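Asks: Fold the following and give me the result.
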Amino acid sequence: MDMRAFPLVILTPVFEDRAASAQLFAALGARYGKEVFVLVVDDGSVRAPPEPDDLRAAGLCGEILVLRRNIGHQRAIATGLGYLADRLAPDQNVVIMDCDGEDLPDSIAELVAGLDDPEVDAVVAQRTARVETRRFKIFYALYKLLFRLLSGRPIGFGNFMALRASTARRLAAMSETAIHVAGALIASRLRLDHRPLARGPRYDGQSKMNFVGLVLHGFRGLMVFVEDVLVRLGIACAIIAGLAVSGALAAVGLKLFGFSTPGWFSIALGILVLIFMQTGALSLMTLMLAGVMRGQAVPPAESYQVPIDRVLTTHPAVTSAVTPVGRTADGGAGA
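Replies: Down below sits the predicted model:
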C-alpha cells in the first residue's frame, strides 16, 4: 500500500532491540491501527534486528530500512528523513520517536494536534518527568546548561517530535541533521511548539545511553552551532587576557609604591604574563577558526541511499517484499 495513503508516518530507529520494537508496534497498532505508516530504520542490527513479522502481527503497514552498518542514532534518523523526503504527500505529517517505550504512543495524538495551528512547523516533546537515575539527571541538567552557555540557545527537547511534510524535507536537506536532530531543528529557524509530556518506562532492557554517550551527544549538539561556540570561547579568552593585563598593571603599581614583599612581584607578574599569552593565543585561534567556518559553504546533506542495504515492505496478511536500493516498492526508479 502506498505510503501517501496514510495521514501520519511514524519514523523510529532501532538497533539490537527487537523485543522493545515489537512492543511499540503492538501499542501503535492497538492505538492507531491503519491510520499510520511505520518506517523503521534498522541501524545495522545483527543479534536482534526488527522483523517485518512484528509489524504485520500488530496490523501495521510499514517498511524497514536495513542499513549496511551501524551509523548511529542521529544519522539513522537523518537517513529515514531523507528516504521520506520525496515520498511524502504535502498534507502528511511525520512523527519521530524512539522504540524503547520512553516516547509514549499515547502522546502522538497531542503532538500531531499541535500542527493544526498554521503558525507551527514542528511540535516537540518537552519532558516533565524523567525515569533515569539521579546521576543521569544531574549530567543532563549540566548538558543543557553548557549548551545554553556555549551556543546561546536553550535546548529542552530530544527526538520525540511531530513534523509537517515540508519541515521533514527541510531537515532532510540539512547536513546538521545527521549530527544532532534537535540542534538541527533549532538551527532551521522553524516555528516550534513545545508540549510538556511525561516520559514512559522502557519496554525492555537497559538504556544504551551512558555518561560517555551523553557527553558525545552534547558535543555533537554544539557542533551544529560551532561558529557561535568558537566566538563565545574567543570572547571569554579575550576577557581573561584583559583581566591578566589588569592584574599585571596592578602588580607593577604595587611594586612601584613599595607594597609588595620580596619575590612576590616577579612570581605574580610571570604568572599573569603567562595567562595573558595563553589566553590571547587561544582567543586568536578560536576567532580564526570561526572565520574559517563562516567562510566555508555548508556541505550538502549526505545522500540517504548510501547506508541503506535493502528495504523490507510489509502490510497485514501480505508477505514482505525486498526492494533494491534506489527503486520504489512499485518497481519505479527512486529519487
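
Asks: any weak-confidence spans in the stretch 1-150 of the chain?
Replies: Along the stretch 1-150 of the chain, segments meeting pLDDT under 70 span 1, 129-133.

Asks: Averaged pLDDT, the host helix or strand of Ala251. What do you get?
Replies: Per DSSP states H and E, Ala251 falls inside helix 226-256. Here helix 226-256 scores 76 as its mean pLDDT.

Asks: which parts of that helix are buried?
Replies: If you call a residue buried by 16 or more other CB atoms under 10 Å, then helix 226-256 has these buried ones: 226, 228-234, 236-238, 240-241, 244, 247-248, 251. Bear in mind the C-beta positions are built from the backbone N, C-alpha and C, glycine included.

Asks: so what secondary structure elements neighbour that helix?
Replies: Applying 3 or more CB pairs under 8 Å, 6 or more residues apart in numbering; DSSP states H and E, we find helix 226-256 packed against helix 134-151, helix 264-295.

Asks: Any idea how far the host helix or strand of Thr79 is from the middle of the chain?
Replies: If you go by DSSP H and E, Thr79 is part of helix 73-85. Helix 73-85 has its C-alpha centroid displaced from the chain centroid by 11 Å (CA atoms, centre = their mean, to the nearest Å).

Asks: Which elements pack onto it?
Replies: For helix 73-85, the elements it packs on are strand 8-14, strand 36-42, strand 61-67, strand 93-96, helix 165-172, helix 181-187, judged by 3+ CB pairs under 8 Å, 6+ apart.

Asks: Same list, those, but as JSON lines with distance to Arg75 and mean neighbour count please.
Replies: Shown next, in JSON lines, are those (distance: least, CB to CB, whole Å; neighbours: other CB atoms under 10 Å):
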{"stretch": "strand 8-14", "distance to Arg75": "9", "mean neighbour count": "24"}
{"stretch": "strand 36-42", "distance to Arg75": "9", "mean neighbour count": "25"}
{"stretch": "strand 61-67", "distance to Arg75": "9", "mean neighbour count": "24"}
{"stretch": "strand 93-96", "distance to Arg75": "13", "mean neighbour count": "25"}
{"stretch": "helix 165-172", "distance to Arg75": "12", "mean neighbour count": "21"}
{"stretch": "helix 181-187", "distance to Arg75": "10", "mean neighbour count": "23"}
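
Asks: just so I know, which of these lies nearest His194?
Replies: Of all the helices and strands packed on helix 73-85, helix 181-187 sits nearest to His194, with 11.5 Å by CB to CB.

Asks: What mean pLDDT does that closest one get?
Replies: What helix 181-187 shows for mean pLDDT is 93.

Asks: can I get the CA coordinates of it in PDB?
Replies: C-alpha atoms of helix 181-187 as PDB (Å, rounded to 0.1, in the frame of the first residue of the first chain):
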ATOM      1  CA  VAL A 181      18.500  16.200  15.100                       C
ATOM      2  CA  ALA A 182      17.200  18.600  17.900                       C
ATOM      3  CA  GLY A 183      20.100  21.000  17.200                       C
ATOM      4  CA  ALA A 184      19.300  21.000  13.500                       C
ATOM      5  CA  LEU A 185      15.700  21.800  14.200                       C
ATOM      6  CA  ILE A 186      16.700  24.800  16.300                       C
ATOM      7  CA  ALA A 187      19.200  25.900  13.600                       C
END
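
Asks: Which residues outside that helix are in contact with it?
Replies: Applying CB atoms under 8 Å, 6 or more residues apart in numbering, the contact partners of helix 181-187 are 74, 77-78, 96, 122, 124, 153, 155, 157-159, 161, 171, 174, 176-177, 192, 220-225.

Asks: Restricted to strands, list those residues.
Replies: Members of the contacts of helix 181-187 lying in strands (criterion: DSSP state E): Ile96, Ala122, Val124, Phe157, Gly158, Asn159, Met161, Leu192.

Asks: Among these, which one sits closest to Asp53?
Replies: Closest approach to Asp53 among the ones in strands among the contacts of helix 181-187 (CB to CB): Ile96, at 23.9 Å.

Asks: ok, now which ones touch the closest one?
Replies: Leu11, Thr12, Ile77, Gly80, Leu81, Asn159, Phe160, Met161, Leu163, Val181.

Asks: residues contacting Arg164?
Replies: Arg164 touches Asn93, Val94, Leu115, Asp121, Ala122, counting by CB under 8 Å, 6+ apart.

Asks: Show me what it bridges to in the sheet.
Replies: Asn93 (DSSP bridges).

Asks: Would you mind measuring from it to Ile271?
Replies: When distance is defined by CB to CB, to the nearest Å, Arg164 is 57 Å away from Ile271.
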